[in-house]
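Trainee: Got a predicted structure here, sequence first:
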Amino acid sequence: MSQTTDLSPEKVISSHNIEPSIILNSLPIIDLSEAENPLLADAFDEKFRKLAREIGFFYLVGHGISDEDISTLETTAKAFFELEPTQKQTINMANSRHFRGYTGLEEETTRQKPDFREQIDIGPELPVDPLANESELWRNLQGPNLWPNELPELKPIVLNWADKNRALAIRVLKVFLRALYQDESAINQLLDGNPHHLLKLIHYPSNNTNPQGVGAHKDAGILTLLLQDSVGGLQVESDNGWINAPYVKNAFIVNIGETLELLTNGYLRANVHRVIAPKAGVSRYSNAFFFSPCLSIGELKPFKLPDSLAKLAKGPSSDPHNPLFKHVGDNAIKGRLRSHLAVTKRFYPNHLPDPKGN
Ligand SMILES: O=C(O)CCC(=O)C(=O)O
Ligand SMILES: [Fe+2]
């Protein structure tokens, strides 16, 4: 069944009337043009801190990315998944030591169970890092993307989309920084070096065997910008159980990643979310932009929060099966080694994950 939220103006929950009961029962909608208005900053920030802490997951409108850009990206993503299986296999991620390219159904795992989705992973288009070595394995995350010969427009459209998503993610991060009483310059410390982000175009095909579209997980980066179609199936975990995150036309879903949790010493929590695979006869598409610090910044330096916030920060949540490394690069490659075993077996056989891990 299609899950659609009507986004008529009166249904937009503005920053001025977000009530806790609304936050707990459904997901808030933030208008970025309002969030960026300095005249509204104090009232906005107070509400924003609350929703970021309580649920860490919201819809973003007023972002300025055009409907045309969105539909071009969505149409091109569909065209990619409609290529012949052999054409997609030619750029299988198993051929890329940089974890780029196509991953087929059930080839990626979350918490050791196969995800019923196919996807293409695209990062910044950069040359191989010549300093990559066994003790700085994370440097291998930089390198060329794999593009299908049969769909030449994919590359310019996706790289343009990634640039726009990155600029948007930086604007959203600035809103977080202001709400957390941090200087905007904190951004320079996080983004000093070659960009590191990941764009995933994802297809959850019709299926009646495996209910796991993608298993419950936290995203690793600073924040994720997600666009989904109208099929539904995305859910976010709350104290009251799983909440559906229905379709809102041309709104991004923003969720907090583990890096922001670490930076705020757990004042903000990375949310746990999952996708229930669509039923037989229905196919779902989404695309996710994982915005992350530059790998070469080394260890994350947590923000200095004012006492009023610091006393509420309980430290990052520790999952014994998923320890967080302090070094940004180690943390980033850990997740990739764990989720993409074909790449790990072929290129990093000494780094096969602990079988008890996620
Ligand atoms: O497809 C979606 O809606 C969510 C995907 C997701 O959470 C992820 O890939 O990390
Ligand atoms: Fe996710």
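Mentor: Perfect, thanks for sending it. Ligands and ions are numbered 1, 2, ... in the order given.
Trainee: Please count neighbours and contacts with C-alpha atoms only from this point.
Mentor: Fine.
Trainee: Around ligand 1, which positions in this structure sit nearby?
Mentor: D219, Q228, L234, R274, V275, S286 (C-alpha under 6 Å from any ligand atom).
Trainee: any idea whether F48 is helix, strand or coil?
Mentor: The assignment at F48 comes out as helix when based on DSSP: H, G, I helix; E, B strand; the rest coil.
Trainee: That one contacts L180, correct?
Mentor: No - using C-alpha atoms under 8 Å, F48 is not in contact with L180, being 9.8 Å away.
Trainee: neighbour-wise, which of these two wins?
Mentor: F48 (25 against 21; other C-alpha atoms under 10 Å).
Trainee: roughly how far apart are that one and A179?
Mentor: 7 Å (C-alpha to C-alpha, to the nearest Å).
Trainee: and the residue nearest the centre of the chain, helix, strand or coil?
Mentor: Centroid-nearest residue in the chain, with C-alpha atoms, centre = their mean: T224, separated by 3.1 Å. Under three-state DSSP, T224 falls in the strand class.
Trainee: Skipping its backbone neighbours, what lies nearest it in space?
Mentor: Of all residues not flanking T224 in the chain, F290 sits nearest, at 4.6 Å (C-alpha to C-alpha, 6 or more residues apart in numbering).
Trainee: The stretch 251-358 of the chain: helices as residue ranges?
Mentor: 258-263, 307-310, 328-339, 341-347 (DSSP state H, counting those that start in this stretch).
Trainee: Using a markdown table, lay out the ones you listed together with mean neighbour count and mean pLDDT.
Mentor: Listed next are the helices of the stretch 251-358 of the chain as a markdown table, based on neighbours: other C-alpha atoms under 10 Å; pLDDT from 0 to 100:
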| stretch | mean neighbour count | mean pLDDT |
| --- | --- | --- |
| helix 258-263 | 24 | 92 |
| helix 307-310 | 12 | 95 |
| helix 328-339 | 20 | 90 |
| helix 341-347 | 18 | 95 |
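Trainee: wait, which of these is closest to R117?
Mentor: Within the helices of the stretch 251-358 of the chain, the stretch nearest R117 is helix 328-339; the backing value is 13.1 Å (C-alpha to C-alpha).
Trainee: Break down the protein into its strands, ranges please.
Mentor: In the chain, strands defined by DSSP state E lie at 29-31, 57-61, 101-103, 109-110, 113-114, 118-122, 196-204, 212-217, 223-228, 234-238, 241-244, 252-256, 273-276, 284-292, listed in chain order.
Trainee: Name every strand pairing with the second one and say which way it goes.
Mentor: With DSSP bridges as the criterion, the sheet partners recorded for strand 57-61 are strand 29-31 (parallel), strand 252-256 (antiparallel).
Trainee: re the thing from before, now do the contacts for the residue nearest to the centre of the chain.
Mentor: By C-alpha atoms under 8 Å, 6 or more residues apart in numbering, the contact list for T224 reads A169, I253, V254, N255, I256, G257, A288, F289, F290, F291.
Trainee: from those residues, which is closest to K345?
Mentor: F290 (24.4 Å).
Trainee: So the closest one versus K200, what's the distance?
Mentor: 8 Å.
Trainee: what does L190 give?
Mentor: On the measure of C-alpha to C-alpha, L190 and K200 end up 22 Å apart.
Trainee: now swap in N140 and tell me
Mentor: Distance from N140 to K200, by C-alpha to C-alpha: 18 Å.
Trainee: Many thanks, we can stop here.
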